[in-house]
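[1] Predicted model and sequence follow; I will ask about them next.
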Amino acid sequence: MSMLHSVETNLEELQKNIREVCENIDRSPAEIKIIAVTKYVSNDRAEEAVLSGVKHLGENRDDGLLKKWELLSDKAIWHFIGTLQTKKVKKIIDKVDYIHSLDRESLAEEIHKRSDKPVKCFIQVNISGEDSKHGLSKEKVMGFVYMLENHSRIQVVGLMTMAPHTEDETVIRQCFRELKSLQVQIQHLNLPYAPCKELSMGMSNDYRIAIEEGATFIRIGSALVGNEQ
């Protein structure tokens, strides 16, 4: 079993890699926000991440988020990045700053109903069309955006996707490029409730490509906090 490096060491390496990528494509590293995905690690490891300077924490289950939130509530910006069951919305809605998995009208209705303030949401798009992935097909995104006009407490801050798990960089790049194209289309609509300035894409294995294709939030688990399980 490989030794678990400190989060601080991993963060320095990650930031160095981000700087290198940004230098090559003339982007500012300040445009890239790192979300530490803490779903497979302990509360202590999540706390270590925050103490190391990580500002954004991402959880994909309501119980995992609630446990870490109790410990670190005001010390982090909270992202719910997993599939969100409608019945679980009320448990997390006043704890999260961003929801990355808005993909159906019933979920939008529940978020709107349960929140007393605007909620920053990413529409999850299944660009690759894989059965194993959640999210809207790219053909349905524009109609979904228009539908959200009736849900005044939802602010579409951006789009989210997961690339196929493959070694083929061309496939990964095409996935991210298509999400960027959709984002630009939505921005051109100039809808006050859907500024859509953010792109949540890229994980430990493909974040460099994601940054090259316009990611503003990258979701990093194993390369940052490791996997303790």
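    Noted; the coordinates are in hand.
[2] Give me the residue at the spatial middle of the chain.
    Centroid-nearest residue in the chain: residue 200, 4.4 Å away (criterion: C-alpha atoms, centre = their mean).
[3] Hmm, residue 158 and that one touching each other?
    Yes. Shown here, residue 200 and residue 158 form a contact pair, counting by C-beta atoms under 8 Å, at 6.1 Å. Where C-beta positions appear, they are placed from N, C-alpha and C, glycine not excepted.
[4] Spit out the residues that contact these two alike.
    Residues touching both residue 200 and residue 158 by C-beta atoms under 8 Å, 6 or more residues apart in numbering: 122, 216, 217.
[5] Pairing partners for the closest residue to the last one other than its chain neighbours in the sheet, please.
    Looking back up the chat, that one is residue 217. Excluding the flanking residues, the one nearest residue 217 by C-beta to C-beta, 6 or more residues apart in numbering is residue 200, at 4.3 Å. Counting by DSSP bridges, residue 200 is bridged to residue 160, residue 217.
[6] For residue 200, give me its contacts.
    Counted by C-beta under 8 Å, 6+ apart, residue 200 has contacts 35, 81, 100, 122, 158-161, 215-219.
[7] one more time with 6 Å, if that's ok
    100, 122, 160, 217 (C-beta atoms under 6 Å, 6 or more residues apart in numbering).
[8] give me the low-pLDDT residue ranges for this protein?
    Where the chain drops to pLDDT under 70, the residues are 1-3, 228-229.
[9] any idea where the strands of it begin and end?
    Counting by DSSP state E, one finds strands in the chain at the ranges 33-37, 56-59, 77-80, 98-102, 119-124, 154-160, 198-200, 217-220.
[10] CSV for the ones you listed, including distance to residue 48?
    Below are the strands of the chain laid out as CSV (distance: least, C-beta to C-beta, whole Å):
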stretch, distance to residue 48
strand 33-37, 10
strand 56-59, 12
strand 77-80, 17
strand 98-102, 22
strand 119-124, 26
strand 154-160, 26
strand 198-200, 23
strand 217-220, 14
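[11] closest to residue 192 out of those strands?
    Proximity to residue 192 (C-beta to C-beta) singles out strand 154-160 among the strands of the chain, at 9.0 Å.
[12] Correct me if wrong: residue 196 contacts residue 186.
    Yes. Under the criterion of C-beta atoms under 6 Å, residue 196 makes contact with residue 186 at 4.2 Å.
[13] quick one, which of the two is more surrounded?
    Neighbour count, other C-beta atoms under 10 Å: between residue 196 and residue 186, residue 196 has more, with 23 against 20.
[14] Just list the residues touching that one, thanks.
    Contacts here follow C-beta under 6 Å, 6+ apart; on that basis residue 196 touches 156, 158, 183, 186, 187.
[15] Count the residues that sit near the nearest residue to residue 157 once chain neighbours are set aside.
    Nearest residue to residue 157 in three dimensions, chain neighbours excluded: residue 120, at 4.6 Å (C-beta to C-beta, 6+ apart). Neighbour count of residue 120, defined by other C-beta under 10 Å: 17.
[16] Same check on residue 61?
    Neighbour count of residue 61, defined by other C-beta under 10 Å: 16.
[17] how close does it sit to residue 47?
    Between residue 61 and residue 47 the computed distance is 18 Å (C-beta to C-beta, to the nearest Å).
[18] re the thing from before, out of the contacts of residue 196, who's the most crowded?
    residue 158 (26 neighbours).
[19] That one touches residue 121, doesn't it?
    No. Using C-beta under 6 Å, residue 158 is not in contact with residue 121; the gap is 8.6 Å.
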